[in-house]
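Enquirer: Sequence isn't available, so here's the structure alone:
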């Protein structure tokens, strides 16, 4: 019989041995797992299947250009910098027109204009650090205006980031709050899929800006990156060998599979659509209306609905409408359904209001102009915007998250040509006529000095050709023009949008003229706003972009001073000079004209002279010295 004491002793002896064996297996397994993860992170597995072509002179900029061309990009706006030179050269070789500006913000504004006018993605490329930070205002403006733009920026080499490289900052943290999609490309092979995803993100859902960072070593060819990354003479010693191997591996991982064929074309877009049930409920609400009103905003002009189809739908719908943002000009000039004045009073009288891409922000007094008795239908791609302030000042009867243009077409189909009482539209048009009579009286009133801006703008309205495209940039002069100067058709009016940014003029004009070379691009500037755009007349001259700029020069920031002086008793920081902007334009190679009281009987003649010089291929600045009126008394700037 076995001795129990001996058996227990044997078991006790084997227990530590078993525990040690288990520990050893666990440790080995952990080590193997760590090594596998490290190998994956170092790209060793990928490099087994995808080799590096060390003899190739190709570079990542070619991949960028190939994706842009596959997406139909025609223009790339930029201010040159060494970080992005490869992609600029590659774009030029593939037939993409590279247009360089004098300030990076202008490049992004131009891309924004292209996006709004074409329904595609506008593209700008800037260098790292200060080149990129110069674009922040324009990117934020695009975000607020919901413009699909792609911003490409250079960056320090991947291994030199956070090590004090030239112009190296944390660019990603800066742009994440501004962009829908924000990615830093770390390998050449990732350029194509990243850009495809970025382009799709910019146009899907609620459109907006996207940002892709392209470090130096991702854009330049292998032999150049190798020369900068790997020392010609490896350091000695074990640590030197480790460092040398690590750098060689980083280089290999950067370029492994770089030139293998990949799909470059557009990805499918995700555009939200109203459900049939939502459309039907809205049809029922509108069908019972007696005094309906339609407010169309910029989202109505987004793809996939063309402007001509939307216009036909609005005409068939037969509901009087107010047009804002990019929807301005949708119905052309003097259309009987287009109501231009007294929006607040009309909203109070309407029994059904359709907010089609229109937001209850400051432009609608946060919803306070809507009547509690009205049934409100709101359609918007963006849920947050759609319900803005609905918990305080207004309440929707039906809230539809979806594409505005598509919804409008379906609404028309559901209503099947229903008509509304003519006296409702006539009542609104009569209010328009009365308001316009007051404008004629203002235009005839004398001013203390120079020209009456109301009269000048009336003459501009009479002079503009049918193919005119309007870009507006300014405060008081432009706000006055919004009442008096009418867009000639859909997608022929560009303003900053809800962010209220000054300085958009030159960039918007640049993008507009390139998109519509046969149109006459007329820019209406306040003298304050023109200060941001003056230097870009050098850009217009160099690139042969003929646009005509009209400056309402009243020697001040009048939109601010008309409020600041009576309320606070001081005009501090509001004063400018009657500067000879036309002479500055001549100095940049453009043509310059002056309008003042000395030639006030020749306003139309001077405008037509500028128009002719523009048609002859010259950028033109018309410096119009204006006085001050009480046209906008009571308006506020905040």
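Expert: Arrived safely. Keep in mind it's a predicted model, so treat the numbers as computed, not measured.

Enquirer: make it CA atoms for all contacts and neighbour counts henceforth
Expert: OK.

Enquirer: where does the spatially closest residue to residue 109 that is not a sequence neighbour land in three-state SS?
Expert: Nearest in space to residue 109, with sequence neighbours left out and distances taken as C-alpha to C-alpha, 6 or more residues apart in numbering, is residue 507 at 4.7 Å. With DSSP: H, G, I helix; E, B strand; the rest coil as the basis, residue 507 sits in helix.

Enquirer: Please give me every residue in contact with residue 507.
Expert: Counting by C-alpha atoms under 8 Å, 6 or more residues apart in numbering, residue 507 makes contact with 105, 106, 107, 108, 109, 110, 111, 113.

Enquirer: Save the residues you listed as a markdown table, and put in neighbour count too.
Expert: Output for the contacts of residue 507, formatted as a markdown table (neighbours: other C-alpha atoms under 10 Å):
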| residue | neighbour count |
| --- | --- |
| 105 | 27 |
| 106 | 31 |
| 107 | 30 |
| 108 | 35 |
| 109 | 32 |
| 110 | 33 |
| 111 | 32 |
| 113 | 31 |
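
Enquirer: can those residues go into TSV with extra columns for pLDDT?
Expert: Converted to TSV, those look like this (pLDDT from 0 to 100):
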residue	pLDDT
105	98
106	98
107	98
108	98
109	98
110	98
111	98
113	98
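
Enquirer: In helices only, show me those residues.
Expert: 105, 106, 107, 108, 109, 110, 111, 113 (DSSP state H).

Enquirer: ok, the second one touching residue 511?
Expert: Spelled out, that is residue 106. No - taking contacts as C-alpha atoms under 8 Å, residue 106 lies outside contact range of residue 511: 9.8 Å.

Enquirer: separation between the residue nearest to residue 109 and residue 33?
Expert: Using C-alpha to C-alpha, to the nearest Å, one gets 54 Å for the distance from residue 507 to residue 33.

Enquirer: Touching, residue 290 and residue 351? I think so.
Expert: Yes - counting by C-alpha under 8 Å, residue 290 touches residue 351, with 6.7 Å between them.

Enquirer: Excluding chain neighbours, what is closest to residue 559?
Expert: residue 476 (4.7 Å).

Enquirer: which residues sit in contact with the one you found?
Expert: So residue 476 contacts 526, 557, 558, 559, 632 (C-alpha under 8 Å, 6+ apart).

Enquirer: pLDDT check: weakest of the residues you listed?
Expert: Ranked by pLDDT, those bottom out at residue 632 (68).

Enquirer: got a list of what the closest residue to residue 105 other than its chain neighbours touches?
Expert: Closest residue in space to residue 105, ignoring its immediate chain neighbours: residue 135 at 4.6 Å, by C-alpha to C-alpha, 6+ apart. By C-alpha under 8 Å, 6+ apart, residue 135 lies in contact with 104, 105, 108.

Enquirer: I'd like the residues you listed laid out as a markdown table, including distance to residue 148.
Expert: Below are the contacts of residue 135 laid out as a markdown table (distance: C-alpha to C-alpha, whole Å):
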| residue | distance to residue 148 |
| --- | --- |
| 104 | 17 |
| 105 | 16 |
| 108 | 11 |
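
Enquirer: so what's the backbone phi/psi at residue 52?
Expert: Here is the backbone geometry of residue 52 (degrees, to the nearest 10): phi -100, psi 130.

Enquirer: Mind pulling the model confidence for it?
Expert: 84.

Enquirer: Buried residues, stretch 565-579. List them.
Expert: Within stretch 565-579, the residues that qualify as buried are 571, 574, counting by 16 or more other C-alpha atoms under 10 Å.

Enquirer: Name the surrounding residues that touch it.
Expert: Stretch 565-579 is contacted from outside by 528, 553, 554, 555, 556, 557, 558, 560, 561, 564, 625, using C-alpha under 8 Å, 6+ apart.

Enquirer: What is the burial count for the fourth one?
Expert: So that's residue 555. Look at residue 555: counted by other C-alpha atoms under 10 Å, it has 18 neighbours.

Enquirer: thought it was touching residue 529?
Expert: No - assessed by C-alpha under 8 Å, residue 555 is found out of contact with residue 529, at 11.5 Å.

Enquirer: which residues does residue 74 contact?
Expert: 95, 96, 97.

Enquirer: if you set the cut-off to 6 Å instead, what comes out?
Expert: residue 96 (C-alpha atoms under 6 Å, 6 or more residues apart in numbering).

Enquirer: likewise residue 470?
Expert: 492, 493, 522, 523.

Enquirer: check which helix or strand covers the last one.
Expert: Counting by DSSP states H and E, the element that carries residue 523 is strand 520-526.
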